[in-house]
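# Here you go, sequence then predicted model.
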Amino acid sequence: MRTLKFNNNDEMPAFGLGTWKSEPGEVYNAVKTAIKEGYRHIDCAAIYGNEKEIGEALSECISEGIVARKDLWITSKLWCNAHAKEDVIPTLKQTLHDLQLDYLDLYLIHWPVALKKEILFVGAKEDLISLDDLPNAVTWEAMEDALELGLTKHIGVSNFGKKALQDLISNSKIIPEMNQVESHPYFQQEDLLSFCRDNNIHFTAYAPLGSSDRAEKFKAENEPKLLEDVVIAGIAKSKNATPGQILISWALHRGTSVIPKSVNPGRIVQNLEAEAIHLSDSDMKRITDLDRNYRLLTGAHWVFEGGAYTLESIWA
Ligand SMILES: NC(=O)C1=CN([C@@H]2O[C@H](COP(=O)(O)OP(=O)(O)OC[C@H]3O[C@@H](n4cnc5c(N)ncnc54)[C@H](OP(=O)(O)O)[C@@H]3O)[C@@H](O)[C@H]2O)C=CC1
Ligand SMILES: O=C1CO[C@H](CO)[C@@H](O)[C@@H]1O
């Protein structure tokens with residue numbers, strides 16, 4: 001099993017299970033199947049609305065002796081409406097309660113965007129709080145407190161660009177240990193990955209298979225379909241593998257963590273088996289050459305005329 005090493009020698013399994021869009025009725029089975037088959041890393045978030053069902057599966061896997069808590073790596077994320085300093089710890093405690101855990105392995109600020117407390121999904125510019133009024137550095141101080149309290153073993157961020165990372169690096173006691181962002185062959189983010197490497201920040205690739213089960217309203221017309229790419233298909237055929245497995249294997253060979261989502265038992269197993277695939281330097285180069293700087297999860301839903309955020313400010 002490939003792992004990413006953290007400062008205190010904790011090792012995060014590089015491969016994990018994504019859980020966004022895994023409905024409450026199906027995520028229980030997905031997590032149980034995954035753990036029984038050998039997954040040891042589950043990626044969660046309060047905003048996915050399914051942490052209670054994930055908690056039931058985790059609790060059963062532990063009580064039935066399928067896995068020990070210490071051998072699992074559980075990540076969750078702080079939603080944007082809880083960035084106020086006093087809201088972070090209570091929100092994390094709710095996630096721990098839902099997941100039936102005493103501690104997380106990794107807690108992330110989900111986006112460098114702040115929402116008013118009563119707003120779950122942004123619908124208008126009035127729902128937003130600007131970073132001048134509620135800076136990431138303030139939220140981060142409470143993340144540091146969570147670490148000190150032992151509620152999580154590691155802290156990090158998600159959807160942060162270089163500037164937002166640099167702000168935290170320059171102004172904080174503890175540097176983020178992880179940045180979880182979109183990454184796949186059509187949107188590799190090599191520059192951000194190098195920045196993270198240079199600053200000792202690990203990198204998790206989300207939407208590694210193209211996130212094709214997103215709601216249509218969040219998709220662009222004629223979005224390129226990674227799983228149908230001819231180069232990926234050709235490499236898959238030559239290795240008796242599937243395109244999904246090649247995409248996962250590429251991310252692992254690149255030294256990143258990768259968290260494909262599936263609720264289908266066959267694909268859950270298939271995705272795990274991608275860890276055993278070997279890609280040659282020439283396979284890797286052919287895939288690296290596919291980059292087209294095509295972001296699937298654009299973040300456009302945060303942007304309103306006269307609002308607090310622009311795409312440039314979010315991804316800077
Ligand atoms: N921090 C953040 O802001 C974000 C984090 N994430 C995290 O990353 C995870 C992964 O990203 P996500 O957006 O879910 O998209 P993925 O790229 O993982 O794609 C998921 C889709 O691929 C299908 N699929 C799974 N395995 C295969 C396979 N081997 N072959 C073909 N199709 C397959 C799934 O269907 P099925 O379930 O039927 O198998 C589903 O439709 C999320 O679930 C979440 O945990 C994602 C987006 C944003
Ligand atoms: O992780 C993610 C998926 O769900 C969220 C909202 O529903 C997204 O904003 C986010 O990027």
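Right, received. Where do you want to start? Ligands and ions are numbered 1, 2, ... in the order given.
# So which residues on the chain come close to ligand 1?
Residues of the chain lying close to ligand 1 by Cβ under 6 Å from any ligand atom are 18-21, 43, 110, 158-159, 180, 206-213, 227, 242, 244, 259-264, 267, 270-271, 297. Yep, even glycine has a C-beta here, placed from its N, CA and C like the rest.
# Narrow those to those that are buried.
Neighbour-count burial (16 or more other Cβ atoms under 10 Å) applied to the residues of the chain next to ligand 1 gives 18-21, 43, 110, 158-159, 180, 206-211, 242, 244, 259-263, 267, 270-271, 297.
# contacting residues around Phe15?
Neighbour list for Phe15: 1-2, 39, 41, 248, 252, 257-259, 271-272, 274-275 [criterion: Cβ atoms under 8 Å, 6 or more residues apart in numbering].
# Mind doing that once more with 10 Å?
Each residue near Phe15 by Cβ atoms under 10 Å, 6 or more residues apart in numbering is listed here: 1-3, 38-41, 248-249, 251-252, 257-260, 271-272, 274-275.
# Derive a ChimeraX selection command for the buried subset of the residues you listed.
Only the buried entries of the contacts of Phe15 go into this ChimeraX selection, using 16+ other Cβ under 10 Å:
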select :39,40,41,248,249,251,252,257,258,259,260,271,272,274,275
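# which of the residues of the chain next to ligand 1 are close to ligand 2?
Restricting the residues of the chain next to ligand 1 to those touching ligand 2 (Cβ under 6 Å from any ligand atom) yields Trp20, Leu297.
# In helices, which of the residues of the chain next to ligand 1 fall?
Gly244, Arg267, Gln270, Asn271 (DSSP state H).
# which of those lies closest to Ala316?
Closest approach to Ala316 among these (Cβ to Cβ): Gly244, at 31.9 Å.
# quick revisit: which members of the residues of the chain next to ligand 1 are positioned in strands?
In this view, the residues of the chain next to ligand 1 that belong to strands under DSSP state E are Asp43, Ser158, Gln180, Tyr206.
# out of these, what pair is the most spread apart?
Within these, Asp43 and Ser158 form the most distant pair, 10.0 Å apart (Cβ to Cβ).
# Report the set of residues contacting both of those two.
Counting by Cβ under 10 Å, 6+ apart, the residues touching both Asp43 and Ser158 are Thr75, Lys77, Leu108, Gln180, Thr204, Tyr206.
# Skipping its backbone neighbours, what lies nearest the closest residue to ligand 1 within the stretch 51-200 of the chain in space?
Per Cβ to the nearest ligand atom, Ser158 is where the stretch 51-200 of the chain lies closest to ligand 1, at 3.9 Å. Leaving aside its sequence neighbours, Ser158 sits nearest to Gln180 (Cβ to Cβ, 6 or more residues apart in numbering; 4.0 Å).
# Thanks a lot, catch you later.
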